[in-house]
Structures are given as C-alpha cells and as structure tokens.
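Trainee: this is the structure alone, sequence omitted:
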C-alpha cells in the first residue's frame, strides 16, 4: 500500500486561527508545540497533518494508539543483542519524528508519564535512553501537535504550559461554512489526486510564503519594545512563569515575518496573544496587583477567551476563565 | 462443524428503521458504521448479521469476547520468526474483516483503547502495525456494527460521533408484533434450512434491490440543495463538528438510490435525519444563535428523540435530550 | 476415589417450584438455563445436581472455583505443540459439559467476562476458540444452571435476561417442613446407598415421566392461542425484548407435556409465568400504555414476585418489583 | 528443630464455651468447622491448637501466611514432570490436613476465593484439582477452625453460614481470671515439658472423655423430639436455610454424648443453641410470622447474643443482633 | 566500605522513656518488640540502633526498603537448585536477624501481610518456609523494633497489640534540650571515633548495668502481688486480651532488675505501665464495670496518655484516648 | 552528540533566594538537599543545574523519567552473571551521582517508595543493595535537589522534613524582571557558547566565592550563641524534631562563610531562617507554650511564609501556614 494522499492545508475552509498558528510554527519551530482543543468531528487531525507539508521534508509521525514508553523512546535491539552479542539501540517514535512533526491525538487521555516524556523531549530536542544496559542519546527535534476534547478530561497545568501555543476550534460553523467544508471534503474523497492537483498552486503559494518568512525570520529583531509589550501583558494577565513571554515573543516575530514586516509591530503581538495565553490563564486568577485599573477588574471575564486585541495601547489584560484545576493523582 | 445458517433479514418482523439503516450501509459503506442501541432480548445480533448477506461475499466477523489488542490488529508470526528467522506479520481480526462486516456486541463495555482502535481503523480503512519489530500496513475496509444497551454504560461523545449512523430499537413491541416475531423465530428454529428456502425469494429481492441501488448510487449527485438542507438542519440542531453533515448527505443519497430516485429529495434527507443526528445531539444543548424561532426554543425537547421530519420546509430542529456526559477516566 | 452418590431429586422435600422448573428444562433443554436465587443454606446445589439424573447420560460439570477463561474454553495442547510441533486444541470445561449440565455456584460473583462467555456459548451451543494460533469450534450444548444469593450482588439485566428461567427459593420453611428435610438429609448422610435404593422407584418414576414428556413434546403445537396469551401478558408486564415470550412458550409446552396434555392450556401458561417473567421485570416499570386497567396500576406490586396466576382470563400483569439497576463498570 | 510443645487444653483457664465447642467437634467432626471470634490477645490460636490433641493422631495444619490457591490445593509436581515426563500431583495444604485440623488465623482477612475454596472442600471432604493438565481428586476430611476479630472486617453471610459453630470469646476477663491465666502461661513458658507433665492426667482425662463420647455417639438417636425442638427454634429465630438445624442437631447429640446421656435432652439442645445460631442470625430480622407471642416480639434483642436457654418448654427465640451486611464486591 | 560507627545510646540527650524501654528489652528480650511513635526528625532510628550495642554480639538488621516477602523469609537457593539439582534454602532477613534486633522504619507504611509475618515470627521465634518445594524451619529469635509517625497512618489494633511495648517521643523539646542534642550530634558528626571514645566509659557502664540486670533477672520472682497489681490495672483500663498483663509483668521485673531490686515493687509496675498500656487502650473505651470509682469515670482522659503512676495504691486507670479504629481493607 | 551547554547561574536574573540557597549547599553539602517549590515555567531546572558548576567536578545526574527502583540503586550485572558466572553489581543512578548533584524534577509526583529511598541514601551517603543475591554497599554522597509544583500534590511531612532547605520561587515577576530574564534567555538560546563566554568572569567569580567560603567554612565555629538563637526560634515555631535546628545551624555558618565572616552573626541566622523552617511548619500549629508573647500569638500568620527577619533581637516566630496534611495511603 502506498501512503494515502493528504488534504492540503490551503484547501481548508475556515479554522483561520489554527491555520495561522500552524504557519507560525512552520516559520519558527522553536515556538514549541501546539495544543488543539475542540469538539468531536472538527477534522483536527486533518488540519494537523497539514503542517507537515509546510515544514519541508520533515516526517509526519503519528503516535500509535496504546504506544508504550519503550516504543516511544526506543529500546534494545534484540536481534543485535542475541545475534552479535551487542547492546545496540533500536530507535523509537521519537527518533522517527526528528526533524518533523509528532502528532498525538487526544493527548489528554494519554497516561501522564508519556505526556511528561513527550514534552520533555520536545523541549530539549534530545532523547536520552538509560535502560536495559543502553545509554544512548540522539537528537529528537520535532514539533509536537496534540489534540484534545476538553470535555473528556484536562491536562495538568504543568503540562499545558509546556505546549507553546494553544488554539481552540469553534464547534458550530454556520450553514454556509458547513457547505463549503463538506463540498471540499466530498471533492477530495471522490478523487484525492485530482483535488490535490487543483489546489497545488494555492498550497505551493502557502508553502512558499512560509519558506520566505522562515528565511526572513532571523532578520527581525526580538526587540525591547516588543518584549516590553509582552511582559506587561503577561504580568497583567497574572500568568505564572515566563514560558508565555518567551513563546509570545517568538510567535509575534513569526507573525511579523509572515506579513513580511521587518520589525515586530504591536499588531503582531496582539494577533498571537490568545495563542500564548489561552492555556496559561489560571482558573480563579485575581487581578494583578499593579497597573490594573479598577474598572477592568470589575468586568469579570469581559476580555476572556476571545479578548479584544485591537489597536489600543498596551493595557492590562484580565485573565479569562479556565476550568478549575482538579486534584492530580500521583504517578503510579 | 459447518457454519450455522443465518436468519434472513427479509424475514425479520418490524425493526423497520434498523433494516433501513442496514440497507443504506449496504448501498454505501462509506457512510460508516452503525451503532444499534436497545434493551436486552431484541435480537440485535440477528439483525446485524443480516447485513452480511446484503454486502455480497464480504465476511461477517464477530469480535471474540475478551479479544486483546494484539488479536485485533495482528501480531508477529511466531512460527515464521522462530522457524525461518523472519519477522512476518500474522493477521488479526481487522484483516479478517476486510471487505465485510465487523460486529461488536456491547461495544460500550469494551475498554476504551480497543474502541478507539476499532473506530480509527474503520475510518481510515487501513490497519497500521508498529510493534514487536513489525512495521506493516494492510487495507481493513469494513463496516463496523456495534450494539449497546445504554442502561449499562455510555460511550464517550468522541467515540459516539465516529459511528456513522445510530438506530434505537423499540423495547416493547405490541402483542401482535410479538406473535409475528415469535412465530418466525419458531419456524426458523425448528427447521432453519426450510425456513431460509421459504424466504429465499424475498431475501433475494432485498439483495437485488440493494445491489441495484449500489450500482445506481454514483449517478445521484451530492448536490448543493441537499447539502443546504442538511447543513441548515445540523446547524439548527447545534451539532458539534461536521461528521453529521457528511454522513447525513451520503445516507440521504443512499436512501434516494434505495427508492430508485435520480436526485436527492427533501424526503430522503428527512428519512435518515434521526440516523445521523441521534447520537450527536448534546445533552444540555442550548438553542442555536440564529434562525431559531423563539417559540421553538421555549418548547424544550418537543422535537426530541423522534423529531417530526415530515413534509415541512426546512426549519430549525431543537436538539433532543441525551444523557449527561459523565467524567471520563484517563486511559490506563 | 469413586464419585460420591447424589441425593435423588425425588426425595427432596418442598422446593416444588424449583423441581418443576428443573423437570421442564429436562423435558425441553431449548428453554435455556435456570437461575436459582435464594438465601444461604437452602441446598441449592443439591437440587441443581438432581437435574443431571433426569437428563439421561449427560455429564454434570461444576465450574471449578476460580476457573480462568482459558480453563473454560480450552487452550492449546502444550504437549502436542512441543512434542509433535502441532497446534492442537485441548478442550476445557465447556467441552466437558457438552450434552449435559454446567453448574455455576454464585454466578453473580463471577467476573462479568466469564458470565458473558458462559451465556454466549450456552445460547449458541457452540464454543469458538480464536487464540494462541488456534482457530477451533466445537459443539457445547448444555443447560446452564446458576445460583445466586442476591444479597451478595446482582447480575446485569442483560445477563439476567439470558437465563431462560428464574426460580427463587423460599428462605424460611416452617418447622414441619424443616423436620422432613432434615430427616431425609440425615437418612442420606448415614447411608447414601441405602437411601438411594429406597428412593429408586420414585426417582425412576420421575425420570420416566420426564422421558415420556420429552418424547411427547414435539407432538404439542406451539399454537397461536398459547402465543397470544403469552405475548399479551408479556406486553402488559412491560417486559423488554422477546426472549421472555419465546422461553415462556416453550416452558408452557413442556408443562403441558409434563401433564400429558396434547395441547397447551391456559393453565400451562400460567403455571410457568413467574419462571419466565421474574428476572425480566424492570425495577421502576410503569404500567403498560394500553389495556392495563387503572385499578391495576394503582395497586403497586399487588401482583408482585408471586403474582396470582390462577384460572382467570388473560389480563394485564403489573410488573413486580426488582432492585434498581446499579451502574455497571466497564470491562477491565 | 523439633516441633514446639503445645499448651494443653485442659490447662486453659476460662473460655468454657470455646472449650465445649471444641470438644463437641472432637466428638463429632461432621458438625463442621468452628469460627472463633474475639478481640486481640485472647490466645485464640492456643485454644484452637488444643483441639488437635483431642482428635487423636490427626495432623494440625496451619494455613501459612499469604498462601496461594496453588499452595492450598496442590499443584503439578514439576520434578516428575521434567524428570520423568509425567504429570503427577504434588499435594498441598488441603492434603496435609486430611484427617486432622486446618487452622486459619484471621480468616476474615483472607481473599474471598480462598475462603470459598476452604469451606467447599471442608464441606465435601474432597479436594478436586482441575488445572495445569492435572485432573485429580483426593480425600480432604478436616475440621476447619477459623479465627477473626470482627472489628477488622466481616465474612459474607454465605461464608459465615458454612462454619458449623460460632463462638465468641469474652474480651475482658476479671482480674482474678487474668491472674490464673497469666500464672499458667508463665509456668508453661518457663518449662513447657514440666508443665505438660503436670497437666498430663487432666489432659488425658479430657481426651478419654472425648474418646468415650465419640464411641458412644452413634448409639444416641437423632430423634424426632430433638429435631422438633430445634426446627421450631430455628423457625422462630428466622434463620435462613437449614444448615443451622442440621448442625444444631448434631451438636446437641454430641453434647448428650459428652454428658454420657443415651438420649438428647432439651438441655442438650439449649446448651449448644448459641453455637449454631450466633452467626446465622440476620441483622434486621423481623419476628417470625406464626407462633411468636407478641410480647416476645416487642422485646427487641432481649434474648440476643446470649439468649436464655434454660429449662423452659420450647418457645420462639427472637433473633439477636448482628451487624448489617455490607455490599460485597465482585470476585476479582 | 567499613560499617559506619553508631551514635552511642549513653550519649543520647533526653528521650529517657525510650532509653529505659530499650534497656528493659535488652534485659529481657521475651518482653517482645518495641513500637516507637513520634514525629519526624526525632532520631528514632539512631535510638533504635543503640539497642544493638546493649544486646551483646547480636546483629542489628534493618529491613531494606521495599523488601519482598521472599527477601524476608528466604527462598530457594537457585544456584544450588540449578547447579547441583538440590532444593536448598537460601536464608532471608529473618535468618540474619536471629539473635539480634530487626529494625523496621515506618512500620505502619508496610503492607499488612509483611507486618503480620514479622510479628508472627517475632512472637514464635521460628520462621517456617513452605513454598517453591521448600519445607524449612529455622530459629528467628530477634527483638523487633518498629517506628511510626502516626500522622501518616495507623496499624491495625491486632498488630499494635503484638508489639510488647510502645513508647512515644515528645515532639517539641525545649530550647536547652535542643542545644544539648545538637551539640552532641555535631560533635559526633565532626569526629565519630573521637566522640565514641569519649563516651566509651558511659556506654560501657550502661552495657554493664544491662548485663548485670540480665544475669540477675531470673532470681526475681514473677510473684502474685505484682501480678495482682497488674491484672487489676489492666482490667480497670478495659484492655482487651491478656497480652498487656504478661508484657507488663515481664517489663516490671526487668525494671526491678535494672534497679538491682530482688523483688518487683509497685513502683516498678508503675514505671512501665504506659509502655504496656499505651497502644492497647481502646478509642471509645467505657469505664470498667467494677471497682472504678465514679469520679474517675467522670474525668475523661484525665489520666490519659501520660497517666500519673506515682506512689498511690492500686486503683482503676481510665483508658486514655486513642484514635478511632478505621475500617480495614481485606488482604489483597 | 556532545553535552549541551548549561545556562550559567551567575546570569540568572532574580530568584535571589534560590541562588543563595544553592550557594550555601555548594559551600556545605552536609546541609542536605534542596526542595524547590514554584509554579510552572519558572526555569526551576535551569537553576538547579547551575549548582553543579559550583560544586567543582561533581557530576550532575538527572533522575530519568519513570526510572525504576532497580535503575536507581543498581542491579545484578547480567553479562558478568551469565558470561563469567559471577554475581557482580552493575551500578545505578545513585552511584553515578556520587560526589555531585542528583536532580529530581516533580519529586512530589514520584511513587513514595522511590522518594523514601532517595532521601534515605542522601541522608546516609551510602547505598546498600540486598537483592538478587547481591549484597553490596557503595558511597553515594550527593546533594539531592527536587522540584515540585505544590498545586499538583504534596509530599508527606516525613519526606518534606528530610530535605535540608526549602525555597519557593515567586510566581509572578514584574514586567521589568520578565524582560531581563527573557533577554538573557534569548541571548543564551541564540548562541550558548558566546553567552557563556560573556558570563564566564561573573560565573568564575561566583565559583571562586563559593570555593573560598568552602575552604573557610571549618574555621567558623558552630558556637553556642548561634545554636541558642536557633533552638529558641525552632521551639517558638513549634517545629517537630531537631532536623530543622541542625540544618539551620549549618546553613547559618555557610551564610557567614559566604560573607567572609569569622563568626556566625544573628543576621546569618535570620537570613536562612525561612530556608530551614518553611517546609517544617505544621498546618494548624498552635502558639508555643512558653516565651511567645501574646500579641504575637494573636497575629495569625503575620510572620508567615516571608517572615520579617530583620535586625531585631531573637524572639518567638509564629508558624506560618502550610496546607493541611492529607491522609496518606499505605505503600502498595
């Protein structure tokens, strides 16, 4: 069997936020992974697969269902061990994904130790194996894309924070959008090759734009003004830790590159704000101690999940609502 | 022992909705699987087995009780491995079911990872094996039929959504219907061969009608009018995602083919509406934001489980009631 | 050690309902299994063993304590596998029980997958093995007899329904009955052979009566009048599904045969009603929609567990009370 | 190491009820096992070991801590299997205990399947092994003695009922009794041999009295008068099933034999009543339907745990209080 | 690595009660084990190790973390089994501890079966092995010392009772005591050898005093007066069973020996009262039926954990408070 | 792959308390481990890694995710066992960490037995292996650094107490601090070698200061005045046990050495107070019995987590609030 043809990202109807987030990651993979939240039936996996094509030759690896830790990190090569008496490393999924995308469906339903491991390796870009007499290390630089339906369980805040960006798909498109989506899908299903051929120019343009932005990226400074905008907003949002700031800055730069700008503008910062903040807001976050005007504090959740990030000067951002953190069980 | 003779679908009394759904699937297997809900003692498995005969030569495979993941996806052929030193794939249930029907009784009582796996493979038509040093892929195109007694536990919404159609059997037939059913069953039990011979013409007619509809299917357009009817109804019903739309459209076309029509009529759309929507309604679904007349919203559940899909022009459908989604445990 | 002598069913004092149910099963094993409910210390197992003698040469097999699924369905014959390199089937308990009785004490305390398996095989009369490289099928036609003390846990309704008949033993016999029972037991315990010899004529008469009824059975029609009586009553009782109707009809015929009748009389239908309905009543069953007189509905549980099934014309039967169905955990 | 010397039962201070129960069992082992309840530190195991000496040469076997089912019932003899290619049975604890006493400390803390197994074999006197290719049966006639501290968990009623007798040890002896007990214990501890030599005549007398009663036992009829006394009392006490009646009758006869009587007197019946009834009373038992005078019924628990069984004519016995039956989990 | 030097017991500041208890055990190991309760950071293990030095040459064995039952009781010697075809016993921790001290840190966090096993062997002085084809018995006479922080979980009363003595360490020493302790610890840590050399005379004196008391012990009668004092107090305290009396008597004699007395005085009885009673008091103990003056009963917990055992004549002791006994789960 | 370059501790912005604590440990590793608490995204692991550089050549070992007990303590060298028939020890993580730092991320999510083991070995400096026929002991002197996000679960008090120092990272730095931190991070990420070269002088100065303090340490007396200050404060704070005193004294000396002082001043004692007390305060601690002025007691939590340790004379410290201790489950 040959590999099935993928639905081109350029042909996706709607889901603009997610498409943007995927492009930003394709432009600067250092931003980190993406966590896609949304209800059932939103083609989350189709969209995620679209990223692979933007990244160039990198592989797109799907975490197999029920994969074990061993399968993930690799294990002793039994053949070599028995046949030649050598302890040799047999690579796992993490090695396969090096240089590409590692896609994990319903990441919130994985056992915690596997999620830990995935995020650890994704962050360090290195997989270390220390077991069964093997002591090995290999590069494992990949973009981690996870999907979850939050109705079916949450990730621990510690794990949420380690996804670079977070995008939520809207659950209920309007009838017209539905028709567009379905028509494209039917066209693809009836003749995938023809469909892809038809969309090849648009897809190529998308790829080229990403490529150009990627090449252009380093020429855009991560300058102090952008950093100031971002840190003030993070502080105002009461976001724990500094991963949000760092991710936001990189994402804003990628956004500037995507628009061909030579400097990060405030609009770039605002355009990606929700990607960086969405999963790092606290459930019962109180308003920040300084610089938060009282009237802002008294509008609870006014600037919530879809806060207005228009052309206004930097000002405090009230934290949107997230579900309460449950009690986490110990690792088994 | 030779294979036991099956009760012919044509001889089934009542259960018209389920018979229709099974025929639609036989006409267009791309609609996806069927989830049959109903109380105990409704011959759910007899009905499901009836589908196999309509599909032609395809096998009818029953998931064995307590089957393991290995048994399902296949495993390393130990004989070949030990005898000839080759890592060869030994096919599992998914390979057996290719081209036919995979029947899973009480699918709601299966461990979640197995259900995930079943639905994944059913959707992609491909079984990938990546374990024990085997890296293999083979076609696994089958119609998945599951039964469940919802009194004994629900499936997660994510999994429900991935069954194409959903049919509920009525629990309490009237005395006359009961008598018909029992008489047929007794006749079959006392002499299965004779019974089948007696019903052969009717069964052959049913098979032929399905076959004709199947051949006729591609000539019926999945046209914009039908799509508009459907997407509006899905939107009005507040159904998450787009799988409902796609399934509904295909099912409506199969229904048109079943009636020998050359175009999808609104009656076709309505006839299969509940099959596509039943398991995708949300428990506490609020009325849709647009186009839903207020009086509709104030009649909670008026158009519930058996919504009236008569000859009226398209109008919003209030979502029927489903049980509340419980909290789902993590995968072990 | 030789097999211990069994207490003859003919010598059992009281427990008339259970003795009748066992005889009916001996006359028509197609009725299905029997579930015996009762408190501790009621000699449930002694009574169940009595059935074996009525069935002719069939074996009486007791499910060993803690039996595994493998032990039940059979497994790979390791000797043949290792010695002769052949994958041969080594039969299990289900094969041993073929043609006889399979007795399961405290069936409600078994793990659900084993109960599922037992009932599945008992219903189909066939044991299929698909594991460890074995693909085998053999006949496994047996009567399943289970006992349970409902104080110690219930079976799922799905599983209850699959037992043909259900009999409850009265917990507290009167002093005179107790004395009779104890005296018989003491007599048996002090000299089993002598006791059996003394009861041989009565036991032989019982066996002969069963044998005669069995031979006579097929000549009694499962006629429309009997079926009408039964389906109306089932409908009135609000019983889910149709297994009750089918079982009841067969049991009524066996009862007619037991009394040497040539046609099923209404008295036969009534005599076995509780056997067929007892475990199929719903806990909170509402009165049936049609034909149920209001005064009946307002006498809650008046016709409960031991409903009056005298010589009256057919009329609706209010459903007796059963315990609420608990929430069933998923299979592990 | 040689076997340690046992404390002679004749030297035990107090615990008269338990000593009597143990003697009755020594006289008629068919009465069944004994369940000894009591708080910590009451030398329950010392008392139980005393029974072995009364039984003659029978072994006294203690169930080892954490014994597995395999260890209990025996297993395949691996040496014979590997060395001589024969599947031979290697006997377990049940085989060792044949003809003697099997002592199980804290029986209420054992896993349910092991308790089931122990009681099953104790009742049938036979151990059947059907596993690992072995099909074996051997006699396993032993008296089962279990101890439990009910503060630490109950047995299921089904299992309680299968112990013949039940004795509760008083938790708080008076100072003088304490002194007697301690002095005896110190004397034994400082020189066990000397202590046993000193008590040899008393112990020998006890053994002889048991032996005489055992020989005399069969000459005492299990007559109708005794049976009538007992069944009426069991009925009045609302005891489920008939095991109480049978055990009580045997225990009353053994008591008569112990006192050298030739016929069971009512005093014998009364003397052992609490042994037979204590663990078979229901928690919320209502008064019996017939023959129970109202005033008796209105004295709840007046004749409770230590009911007055004096010289009065037979009359109903109100059931004493037992703890509520908890919900029992399924077997794993 | 050579064994690290131990902190000498003579150099311990404070903790007088525990030091006394340890000396009593060193004088008469038949008293049984010691359970040391106390909060974190009280050097419980340092104190326990001090006992080893008082006992002479006996080993001091620490139960390794996570030790298995096999590791504890010993197992089959695999080398001998495979090499020489002999089933030989390979001794475990219990064998190592014979003649010395077995130290178990946080005994309340051990799995119940291991605690059972430890206490059983400690009580009998014998380790019996019946598994893996081994049937072996060896002496295992050791003093069991356990520590627990009761904030982190209790032992079952049955297990508490089987520790001979129980001592609780005071959690919050006064500043001066803290300074003494810390200074000693610092001196030891900076030069253990020098520190031990400095304390050698005091430690030698302590050892000699224990040795003298041990030799003198048997000459002190366990006389009736002492026994009367003790049993009356145990009765008044409502202590279940008689282990308290026996332990108390031995401990009082050891205390007399420690003070060079030739007879047990009432002061000896009082000095060790709390050691014997502390863990055997019941949580909700009612006042004893006889001889307990009413005013005593009305002063709940007045004579609690640290009851006044001065020079008064014997009088009833109200039971101090213990935590409520929780519900104990079954053994797995 | 070569080892990645580490971010130099000297370049860390803010986190002064943690940097100080790490330096103190580097100066006197006998203080014990450090437990770092803080929310997500605070670069806890970057900071912890910084300690390795201060310690000299010692290794920095990270506990691998999902490490087993065997992996931690070492195991039998299978190669040697099979090849040469020798039971040889194959060292584990504890052996690797000898002389350096053992870093455990999210230590509160580890299974309790592993935490126990880690703290035990860290305290004793010795790893003992007694399993699989190996009896081995090797030095394992390392500084244990654990991190935890207390939102995700607590450690047992017993385990908390065994960490020498405890530092909490502030969760929400101000915008300017955020900018500093991010700028440094970006500089490091874009060219780690250049960044380290730039910071080499500062880092070298830090290292040198630690080295100087380490050499100077022994010349500073652990004098009585310092000890008095500390014990009084510990007593006033109601801290259980004496580990706090000992740790505090050592930490105060290290602080004095860090500042080049020749004697411990009260300021040194105060500067490290919270490190020693933070994790040893009790949740519901009542005010100390003596010397605690009433007004102090009536200001609950006034001197809580960040108590004022200025230039005032020694006075009682009210215990700050800690979360309630939950109920701890037994070890499995």
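Mentor: Yep, it's here. Values in this document were obtained by computation on a predicted structure and should not be read as measured data.
Trainee: contacts, neighbours, all on C-alpha from now
Mentor: OK.
Trainee: neighbours of residue A:162, just the number please.
Mentor: A count of neighbours around residue A:162, defined by other C-alpha atoms under 10 Å in any protein chain shown, yields 23.
Trainee: er, residue A:169 actually
Mentor: Applying the criterion other C-alpha under 10 Å, we find 19 residues in the vicinity of residue A:169.
Trainee: do the same with residue A:145
Mentor: There are 26 residues near residue A:145, going by other C-alpha under 10 Å.
Trainee: just confirm it is within a strand.
Mentor: Yes: under DSSP: H, G, I helix; E, B strand; the rest coil, residue A:145 falls within a strand.
Trainee: for it, what are its contacts?
Mentor: Neighbouring residues of residue A:145 by C-alpha atoms under 8 Å, 6 or more residues apart in numbering or on different chains: A:33, A:34, A:35, A:36, A:48, A:101, A:102, A:103, A:104.
Trainee: ok, so of those, who is nearest chain D?
Mentor: Proximity of those to chain D (C-alpha to the nearest C-alpha) peaks at residue A:104, which lies at 33.5 Å.
Trainee: and the nearest residue to that closest one once chain neighbours are set aside, how far from residue B:162?
Mentor: Setting aside the residues directly before and after it, residue A:104 is nearest to residue A:146 in space (C-alpha to C-alpha, 6 or more residues apart in numbering or on different chains), at 4.7 Å. Distance, residue A:146 to residue B:162, by C-alpha to C-alpha, to the nearest Å: 19 Å.
Trainee: for residue A:128, same thing?
Mentor: Relative to residue B:162, residue A:128 is positioned 37 Å away (criterion: C-alpha to C-alpha).
Trainee: do the same with residue A:144
Mentor: From residue A:144 over to residue B:162 the distance is 25 Å, taken as C-alpha to C-alpha.
Trainee: shaky segments in chain A?
Mentor: Scanning chain A for pLDDT under 70 picks out the ranges A:1-4, A:65-66, A:76-88, A:130-134, A:282-332.
Trainee: if you set the cut-off to 50 instead, what comes out?
Mentor: Chain A contains residues with pLDDT under 50 at A:284-332.
Trainee: contact residues of it facing chain B?
Mentor: Taking C-alpha under 8 Å from any C-alpha of the partner chain, the part of chain A that reaches chain B is made up of A:1, A:39-43, A:64-66, A:71, A:108-111, A:149, A:152-153, A:171-176, A:178-179, A:182.
Trainee: generate a PyMOL selection restricted to the buried entries among those.
Mentor: One line in PyMOL is enough to select the buried members of these, burial here meaning 16 or more other C-alpha atoms under 10 Å in any protein chain shown:
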select buried, chain A and resi 39+40+41+42+64+65+66+71+108+109+110+111+149+152+153+171+172+173+174+175+178+179+182
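Trainee: first-to-last residue distance for stretch A:45-63?
Mentor: 12 Å.
Trainee: give me the distance from it to the chain's centre.
Mentor: Using C-alpha atoms, centre = their mean, to the nearest Å, the distance from the centre of stretch A:45-63 to the centre of the chain it belongs to is 12 Å.
Trainee: what's in contact with it?
Mentor: With contacts defined as C-alpha under 8 Å, 6+ apart, stretch A:45-63 is touched by A:6-9, A:12, A:18-19, A:22-23, A:26, A:93, A:96-105, A:145, A:147, A:206-207, A:210-211.
Trainee: which residues of the stretch 151-300 of chain A lie near chain F?
Mentor: With C-alpha under 8 Å from any C-alpha as the criterion, the stretch 151-300 of chain A meets chain F at residues A:156-158, A:161-162, A:224, A:227-228, A:231-232, A:234-235, A:238-243, A:245-246.
Trainee: which of these fall in helices?
Mentor: Among those, the members falling in helices (DSSP state H) are A:157, A:158, A:224, A:227, A:228, A:231, A:232, A:234, A:235, A:243, A:245, A:246.
Trainee: who's in contact with the residue nearest to the third one when sequence neighbours are not counted?
Mentor: Beyond its immediate neighbours in the sequence, the residue positioned closest to residue A:224 (C-alpha to C-alpha, 6+ apart) is residue F:179, lying 7.9 Å away. If you count contacts by C-alpha under 8 Å, 6+ apart, residue F:179 has them with A:224, A:227, A:228, A:231.
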